[in-house]
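Undergrad: Let's see this in three dimensions:
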Amino acid sequence: MQIPRLHPDTVEEVKQRADIYDVVSEYVVLRKRGKDYVGLCPFHDEKSPSFTVVPTKQMYYCFGCQAAGNSIKFMMDLQKRSFSEVVLDLARRYQISVKTLAPEQRQELERQISLREQLHQVLALSAQFYQHALKNSGGGALDYLQNKRKLSPEIIQQFGLGYAPQGWETLYRYLVEDKHYPVQLIEKAGLIKPRKEGSGYYDVFRDRIIIPIRDVMGRVIAFGGRTMGDEQPKYLNSPETELFSKGKNLFALDAAKNGISQFDSVVVVEGYFDAIALHAAGINNAVASLGTALSIEQVKLALRYTESKQLVLNFDADKAGTNAAERAIGEIADLAYRGEVQLKILNIPDGKDADEYLHTHSSQEYQQLLAQAPLWLNWQIEQTIKDKDLKQAVDYQQASQQIVKLLKNIVNTDTRSYYVTYCAEILSLGNVQLVPLRIENLLTQINKSANSAPNKSIINRASTPNNNKETDKSKPRIEKSLLEKAEGLVLQIFLHCPGQRQNIVDIIDKRDLQFSHSHHRFLWQKILRVLEETSDEYNSAVISKLQDACLENPEETAPVTHLFHLTPQTKSEILRAQQVIKAAIACMEIAMCEKHVQHYKELWQSIDPEVDRSRHEYYFQKYFEERMKLGELEKQRQFSILDL
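TA: Have a look, this model is predicted:
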């Protein structure tokens with residue numbers, strides 16, 4: 001469901017009514033300590049409680065992992081859901097009227113919420129119907145699950161497996177005639193279809209094993225059906241509905257999310273029974289892709305629960321499985337190249353799927369295969385040279401060209417260097433003397449491809465003498481970590497020292513400074529927007545409004561949430577606000593000046609004085625002025641952020 005922008009009044013009422021103790025105590029055992037409560041942190045493993053709930057401030061804070069926030073932030077982090085979804089759920093729980101920024105959207109939102117609640121009800125009832133039918137199926141369906149699929153009664157119960165009877169209208173009659181649900185609602189739930197000839201409806205699922213598909217909250221949103229023989233199609237999914245989209249959901253994620261966090265990785269398989277078999281074997285970080293090519297939405301959904309962003313694709317080793325793996329890689333290659341997902345590929349020996357493999361092998365053996373699974377680039381390189389005779393010119397050329405296509409997109413120079421050498425050794429066919437030549441050939445092709453790209457750096461075309469010497473002189477002197485610390489301190493003082501807010505705004509505006517780190521720039525833009533809406537910069541509502549703005553953009557603001565909370569160290573720094581501001585601003589100003597130096601230097605070096613002498617001299621003058629300014633800034637700075 002597309003949730004429109006919620007009215008600030010609704011958000012504020014949810015914040016006021018959703019008591020932090022009530023919300024947190026549903027998930028954490030809390031014990032009273034003075035005016036506050038303590039418990040084991042739900043966001044990291046610990047033996048001694050460091051998680052504190054402060055009712056007087058309606059906030060929580062963990063001294064172990066620095067997780068902090070209000071009731072809304074707690075639910076967002078715990079359930080990995082968006083700001084709007086959490087606010088809507090809390091509004092329902094506390095019976096708060098929901099308003100939208102655009103009044104005309106309110107009625108439509110209420111209609112959608114009502115429809116979704118009704119769909120959840122009818123799907124939950126249908127799941128119970130299918131489970132009851134399984135127990136009374138005369139043994140055929142239950143025998144299939146217990147003997148052919150080797151599933152225990154506990155696993156059958158855990159995944160809510162059921163059976164759809166053979167009749168054409170069995171579920172239809174139960175829901176319409178016995179339970180009096182509207183036909184249109186059942187059709188919208190994807191459970192029945194209108195007959196093509198004549199009037200009436202028929203059940204979508206008939207004489208099939210039923211697998212409930214649940215959302216991350218554990219609510220049934222759709223069903224998968226599997227025949228017990230070789231009838232086609234073997235698998236049948238619910239159609240797309242208001243609740244269900246195949247490309248945006250993952251089977252068993254509700255059961256796997258804790259395991260994914262525990263193992264810090266997610267295993268993606270093709271079939272329902274592959275995922276169920278892995279959970280039955282104690283490998284509870286497995287999900288299935290619902291019979292579609294793995295989409296970016298599905299990948300991002302699974303990666304919410306892992307810090308390392310490690311994802312293992314375990315598709316079948318046959319041709320169809322290999323093609324599915326390659327399609328999945330194609331979808332998420334950009335994420336993998338940028339390091340946003342640590343992608344591995346597992347092909348089980350002898351072309352078996354996970355379910356088949358676990359019938360004859362132990363859980364430990366499967367986990368060993370997971371540990372040995374190659375990175376996606378290694379797997380793709382193996383697929384490139386598979387069935388090719390590299391001694392033949394045509395096969396060698398094809399393999400070499402495909403390898404270059406893979407390597408040219410690697411951003412990290414160390415990683416690219418490693419894979420160039422790795423591929424050169426493969427192409428050398430064991431002849432060590434050929435490796436340097438193969439490396440040179442690969443690099444030539446990669447550079448040729450890179451040089452033809454439109455984003456070639458100006459500095460690569462520089463022709464000014466003494467280039468290396470000048471480069472060494474103008475290397476940035478402000479370390480990235482030091483600059484990030486300085487920018488963070490400026491923002492933290494702004495948040496916690498109302499008396500310094502206007503001073504900071506004036507300094508940054510007067511000196512035309514910019515925050516170098518994107519997350520700091522994002523927060524500063526939010527600050528300026530809130531200040532425009534709030535006439536009094538001393539107003540305590542400034543922080544509250546900023547926190548609300550941050551909650552609506554959790555990915556962009558995750559690196560700055562710690563700035564809203566003070567540690568003993570930052571408290572001591574804030575006591576010296578004037579000194580800290582001076583040192584931090586100096587650090588930011590020097591960093592900005594260094595960027596200007598580098599920028600004008602590149603422009604100067606890119607101009608041929610024989611072709612355009614006036615521009616060559618202009619950029620040299622600007623470069624010289626910025627170098628002089630940088631020297632003056634260094635002299636003027638009385639102490640650095642490190643001195644503090």
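Undergrad: From here on, just use CA atoms for contacts and neighbour counts.
TA: OK.
Undergrad: Helices along the stretch 301-450 of the chain, start to end?
TA: Listed in chain order, the helices of the stretch 301-450 of the chain (DSSP state H, counting those that start in this stretch) span 319-337, 354-360, 363-372, 376-385, 393-407, 413-427, 435-451.
Undergrad: Make JSON lines from the ones you listed and add mean pLDDT, mean neighbour count and distance to residue 155 to it.
TA: Output for the helices of the stretch 301-450 of the chain, formatted as JSON lines (pLDDT from 0 to 100; neighbours: other Cα atoms under 10 Å; distance: least, Cα to Cα, whole Å):
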{"stretch": "helix 319-337", "mean pLDDT": "82", "mean neighbour count": "17", "distance to residue 155": "26"}
{"stretch": "helix 354-360", "mean pLDDT": "93", "mean neighbour count": "17", "distance to residue 155": "14"}
{"stretch": "helix 363-372", "mean pLDDT": "94", "mean neighbour count": "14", "distance to residue 155": "16"}
{"stretch": "helix 376-385", "mean pLDDT": "93", "mean neighbour count": "17", "distance to residue 155": "32"}
{"stretch": "helix 393-407", "mean pLDDT": "93", "mean neighbour count": "16", "distance to residue 155": "42"}
{"stretch": "helix 413-427", "mean pLDDT": "89", "mean neighbour count": "17", "distance to residue 155": "43"}
{"stretch": "helix 435-451", "mean pLDDT": "82", "mean neighbour count": "16", "distance to residue 155": "51"}
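Undergrad: how about these in CSV, adding distance to residue 217?
TA: Output for those, formatted as CSV (distance: least, Cα to Cα, whole Å):
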stretch, distance to residue 217
helix 319-337, 25
helix 354-360, 26
helix 363-372, 27
helix 376-385, 31
helix 393-407, 39
helix 413-427, 39
helix 435-451, 46
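Undergrad: out of these, nearest to residue 556?
TA: Nearest of the helices of the stretch 301-450 of the chain to residue 556, taken as Cα to Cα: helix 319-337 at 16.6 Å.
Undergrad: so how far is that closest one from its chain's centroid?
TA: Remark: helix 319-337 is offset 18 Å from the chain centroid, using Cα atoms, centre = their mean, to the nearest Å.
Undergrad: Next: stretch 344-352.
TA: Offset of stretch 344-352 from its chain centre (Cα atoms, centre = their mean): 26 Å.
Undergrad: and that stretch, average pLDDT?
TA: Averaged across stretch 344-352, pLDDT comes to 86.
Undergrad: can you tell me the distance between the two ends of that stretch?
TA: Stretch 344-352 has an end-to-end distance of 18 Å (Cα to Cα, to the nearest Å).
Undergrad: what does stretch 135-149 give?
TA: Counting by Cα to Cα, you get 16 Å between the two ends of stretch 135-149.
Undergrad: for this protein, which spans come out with low pLDDT?
TA: Where the chain drops to pLDDT under 70, the residues are 1-4, 101-113, 138, 292, 449-481, 534-541, 554, 634-644.
Undergrad: According to the record, where do the domains of it fall?
TA: Per automatic domain parsing, the domain ranges recorded for the chain read 8-93, 107-242, 247-370, 382-456, 480-636.
Undergrad: out of those, deepest packed?
TA: Neighbour counts (mean count of other Cα atoms under 10 Å) averaged over each of the domains of the chain peak at domain 247-370, with a mean of 20.
Undergrad: tell me how far that domain is from the chain's mean position?
TA: Worked out by Cα atoms, centre = their mean, domain 247-370 lies 16 Å from the chain centre.
Undergrad: tell me the contacts of residue 373?
TA: 312, 344, 345, 346, 347 (Cα atoms under 8 Å, 6 or more residues apart in numbering).
Undergrad: Looking at these, which is nearest residue 50?
TA: Ranked by distance to residue 50 (Cα to Cα), the contacts of residue 373 are led by residue 312 at 33.1 Å.
Undergrad: Please name the bridge partners of that closest one.
TA: residue 267, residue 344 (DSSP bridges).
Undergrad: In this structure it contacts residue 329, no?
TA: No. At 11.2 Å, residue 312 does not count as touching residue 329 under the criterion of Cα atoms under 8 Å.
Undergrad: how far away is residue 259 from residue 62?
TA: For residue 259, the distance to residue 62 equals 22 Å [Cα to Cα].
Undergrad: Please read the previous query as pertaining to residue 171.
TA: For residue 171, the distance to residue 62 equals 49 Å [Cα to Cα].
Undergrad: likewise residue 50?
TA: Taking Cα to Cα, one finds residue 50 at 6 Å from residue 62.
Undergrad: Common neighbours of these two, please.
TA: Common contacts of residue 50 and residue 62 (Cα under 8 Å, 6+ apart): residue 41.
Undergrad: Angles on the backbone of residue 193, please.
TA: The phi/psi pair for residue 193 (degrees, to the nearest 10) reads phi -130, psi 150.
Undergrad: show me what contacts it?
TA: Residues in contact with residue 193, defined by Cα under 8 Å, 6+ apart, are 187, 201, 202, 203, 204.
Undergrad: could you redo the last one with a cut-off of 6 Å?
TA: 201, 202 (Cα atoms under 6 Å, 6 or more residues apart in numbering).
Undergrad: Same question for residue 379.
TA: No residues are in contact with residue 379 under the rule Cα under 6 Å, 6+ apart.
Undergrad: now the most centrally placed residue in the chain, what's its secondary structure?
TA: Centroid-nearest residue in the chain, with Cα atoms, centre = their mean: residue 300, separated by 4.0 Å. The local conformation at residue 300, judged by DSSP: H, G, I helix; E, B strand; the rest coil, is helix.
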